[in-house]
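Participant: got a predicted structure here, sequence first:
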Amino acid sequence: MVSSLSVSRGTKAKFRTTSVAITAAYVSIALASSGWAVATNESKTSDPERALWGISNSVGHRLPPQAHHENNPYLEKQFTVEIENFEDGKIERVNLDGNRQTLGHVQRPATGTVEANDGFWASKYSRAVDGTPGHLLATSVYVLRSKVGPDELYDPVAYSDFNPDEDERDWTTRLLNVRPDQYHGADHGNWLEDTIYTDIAGGEGIFGGTSSLPTGAPLRYWDDDHSQWLPIGEYFANDPEAVPPQRLQFTAYKPSTDLGTPEYLEFENWASGDVVAGELKSDNGAITVGYAGGFERRVADVVQRVEGIGRFGGTEFAEIGQMDTNHPGALTFSTSPRVGFTWDPDDMGGFQIVPANHVKFLSNDVGQNSFIGKPQWLIVGPIQSDPAMLYDDRYIVNGDLSFAPGWEASAPIFGMYARAIFDADSLEKSTYFEVSDDFGETWSPAPEFVGVHDPSNCAGDLCPDSWTNIRVHLAYGDDD
């Protein structure tokens, strides 16, 4: 029984070490015993029926047990986005009935890929919902970042006491990027070879319209020799620095569980020991996922509350309240109006929701003096986490992540579900946030803030330090 369940992803080579196979078997057994069907022998080039093990790419990663439903969803294919990677090439949405909708064109093609820098350490955490390495890493209103290789697993333990100036990385993600229209002019003369420059406006189409894609969407290329779409990782396997192919395809899947498809995420905006709206909180705030009919499940804890606004790049392309970005290590929201490309950082404003181990590594091992103790970030940990662990410099404690199980690349917060879809005239078809200052008794639309704000300087209604609850409504582009 164990050996058969340990290959639940069939030919996808997701579990390539003994320890990972055993962990996979353990999760599969747990799923089977709780009434879940376990998919087997799926072809990596066919449409998967399930996203078993979510999009995690980590050795021995233990999914947060309260979120097993959301990390093992059924997948419904919705549409594909095809990009012709040459000048004036089409960018099309292809619906299941074969109908093609032209979303835009390529202004300048990508002629190469690029290695991710340490600041995008989150690029190591995930892979596609079908188990292949090539996928959309970051979905946003201002850039689509995709991993094209290599086909390697991330081992957090290998980076215990990491020194970026002296220690080697066992592997580095290679990226292919897609940008909206105004970047072609902004980068004039200094165009990036890893970037496909398009004429689609930021905040529209694939960058925040109804054709927005989810993190984890598989990326394929058209193989002329075999006359079929193949995983992009196969194209770059023998030559990571090859010129990107001329035809690319992303596939959007809608995830659902036996409980349905999540309609919202709610964050009680406090950690234990915080005083919120005059109340001292002895326990961490709950993070819950909400389904139709008012059914909610607690899946994680808040270990640091958000109480400020920062100049997050990309928020200038988003409407107030709109999701700016979702990737395996961040969920970003805008509080600034949509103005399009700007050189003025005071046109930007928003906040981020981030997983605890990720920000500890960036802060302590990579040297980014951000996140911990800073008011612009809400930090997520597993249920019953100790917020004090944020201030322990260790990434690995007793052979495991300091916050275990980790929330990096774990649904429904950091992958598969949240898309940048927004329609100001139809919020029920949008991914957006609203806030409460009275513990969920009443709710208000996202307030407008630009620049930098914290409790010492914020003025006006609904400053972030007054937020007791944040609710993120999810949309999946069902009506197109």
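Facilitator: Looks like it came in fine.

Participant: go through stretch 225-245 and flag the buried ones.
Facilitator: Of all the residues in stretch 225-245, those buried under the rule 16 or more other CB atoms under 10 Å are Trp229, Leu230, Pro231, Ile232, Gly233, Glu234, Tyr235, Phe236, Pro244, Pro245. Backbone N, C-alpha and C define where each C-beta goes, glycine included.

Participant: okay if I get those as CSV plus secondary structure, pLDDT and distance to Leu75?
Facilitator: CSV is the format used below for these (DSSP: H, G, I helix; E, B strand; the rest coil; pLDDT from 0 to 100; distance: CB to CB, whole Å):
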residue, secondary structure, pLDDT, distance to Leu75
Trp229, strand, 97, 17
Leu230, strand, 97, 19
Pro231, strand, 98, 16
Ile232, helix, 98, 19
Gly233, helix, 97, 19
Glu234, helix, 97, 21
Tyr235, helix, 97, 23
Phe236, helix, 97, 25
Pro244, coil, 98, 26
Pro245, coil, 98, 25
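
Participant: would you map out the domains in the protein?
Facilitator: Here the domain parsing of the chain from automatic domain parsing is 1-41, 76-256, 264-473.

Participant: so who does the closest residue to Phe371 other than its chain neighbours touch?
Facilitator: Counting by CB to CB, 6 or more residues apart in numbering, Phe371 lies nearest to Val359, which is 3.8 Å off, once chain neighbours are set aside. For Val359, the contact set (CB atoms under 8 Å, 6 or more residues apart in numbering) comprises Ser370, Phe371, Ile372, Trp377, Ile379, Leu390.

Participant: repeat that for Asp437.
Facilitator: Ala277, Ser444, Leu462, Ser466, Trp467, Thr468.

Participant: same list (the domains of the chain) but as JSON lines, adding distance to Pro64.
Facilitator: Putting the domains of the chain into JSON lines (distance: least, CB to CB, whole Å) gives the following:
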{"stretch": "domain 1-41", "distance to Pro64": "12"}
{"stretch": "domain 76-256", "distance to Pro64": "14"}
{"stretch": "domain 264-473", "distance to Pro64": "5"}
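
Participant: Ser123 falls within a helix, correct?
Facilitator: Yes - counting by DSSP: H, G, I helix; E, B strand; the rest coil, Ser123 is found in a helix.

Participant: phi, psi for the residue nearest to Phe371 please.
Facilitator: phi -70, psi -30 (degrees, to the nearest 10).

Participant: could you measure from it over to Tyr391?
Facilitator: 12 Å (CB to CB, to the nearest Å).

Participant: give me the common contacts of those two.
Facilitator: Common contact partners of Val359 and Tyr391 (CB under 8 Å, 6+ apart): Ile372.

Participant: so for stretch 100-117, mean pLDDT?
Facilitator: For stretch 100-117, mean pLDDT is 97.

Participant: just how off-centre is that stretch within its chain?
Facilitator: Distance of stretch 100-117 from its chain centroid, counting by CA atoms, centre = their mean, to the nearest Å, is 20 Å.

Participant: what of stretch 469-480?
Facilitator: Remark: stretch 469-480 is offset 15 Å from the chain centroid, using CA atoms, centre = their mean.

Participant: what's the answer for stretch 188-196, then?
Facilitator: In terms of CA atoms, centre = their mean, the centre of stretch 188-196 is found 24 Å from the chain centre.

Participant: same thing with stretch 97-109?
Facilitator: The chain centre lies 24 Å from the centre of stretch 97-109; the measure is CA atoms, centre = their mean.

Participant: please save the CA atoms from that stretch in CSV.
Facilitator: The C-alpha coordinates for stretch 97-109 follow below in CSV (Å, rounded to 0.1, in the frame of the first residue of the first chain):
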residue,chain,number,x,y,z
ASP,A,97,-14.6,25.5,-26.9
GLY,A,98,-11.7,26.6,-29.1
ASN,A,99,-12.8,30.2,-29.3
ARG,A,100,-9.8,32.5,-29.4
GLN,A,101,-9.7,36.0,-28.0
THR,A,102,-6.8,38.3,-28.8
LEU,A,103,-5.6,40.0,-25.7
GLY,A,104,-2.7,41.9,-27.1
HIS,A,105,0.6,41.6,-29.0
VAL,A,106,4.3,41.2,-28.3
GLN,A,107,6.3,44.4,-28.7
ARG,A,108,9.6,42.9,-28.1
PRO,A,109,10.3,39.1,-27.6
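
Participant: coming back round to it: any chance of the contacts of Asp437 in TSV with secondary structure, neighbour count and distance to Gly415 as columns?
Facilitator: Output for these, formatted as TSV (DSSP: H, G, I helix; E, B strand; the rest coil; neighbours: other CB atoms under 10 Å; distance: CB to CB, whole Å):
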residue	secondary structure	neighbour count	distance to Gly415
Ala277	coil	15	32
Ser444	strand	13	28
Leu462	coil	18	29
Ser466	helix	18	30
Trp467	coil	24	24
Thr468	coil	21	27
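
Participant: name the nearest of these relative to Glu408.
Facilitator: When the contacts of Asp437 are ranked by distance to Glu408 (CB to CB), Trp467 comes first, at 24.4 Å.

Participant: who are the contact partners of the closest one?
Facilitator: Trp467 neighbours (CB under 8 Å, 6+ apart): Asn269, Val306, Glu307, Val435, Ser436, Asp437.

Participant: would you turn the contacts of Asp437 into CSV with distance to Ala67?
Facilitator: Shown next, in CSV, are the contacts of Asp437 (distance: CB to CB, whole Å):
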residue, distance to Ala67
Ala277, 28
Ser444, 28
Leu462, 29
Ser466, 29
Trp467, 23
Thr468, 23
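
Participant: these: which two are farthest apart?
Facilitator: Pairwise over those, using CB to CB, the maximum falls at Ala277 and Ser444, 14.0 Å.

Participant: Ser336 is in contact with Val452, isn't it?
Facilitator: No - taking contacts as CB atoms under 8 Å, Ser336 lies outside contact range of Val452: 11.7 Å.

Participant: tell me the residues that contact both of the two, please.
Facilitator: The contact sets of Ser336 and Val452 do not overlap (CB under 8 Å, 6+ apart).

Participant: those two - which one has more neighbours?
Facilitator: Legend: neighbour count by other CB atoms under 10 Å for Ser336 and Val452, higher for Ser336 (26 against 17).

Participant: and the spatially closest residue to that one that is not a sequence neighbour, how far is that from Trp53?
Facilitator: Spatial nearest neighbour of Ser336, chain neighbours left out: Gly349 (3.7 Å); criterion: CB to CB, 6+ apart. Distance, Gly349 to Trp53, by CB to CB: 36 Å.

Participant: alright, calling it a day.
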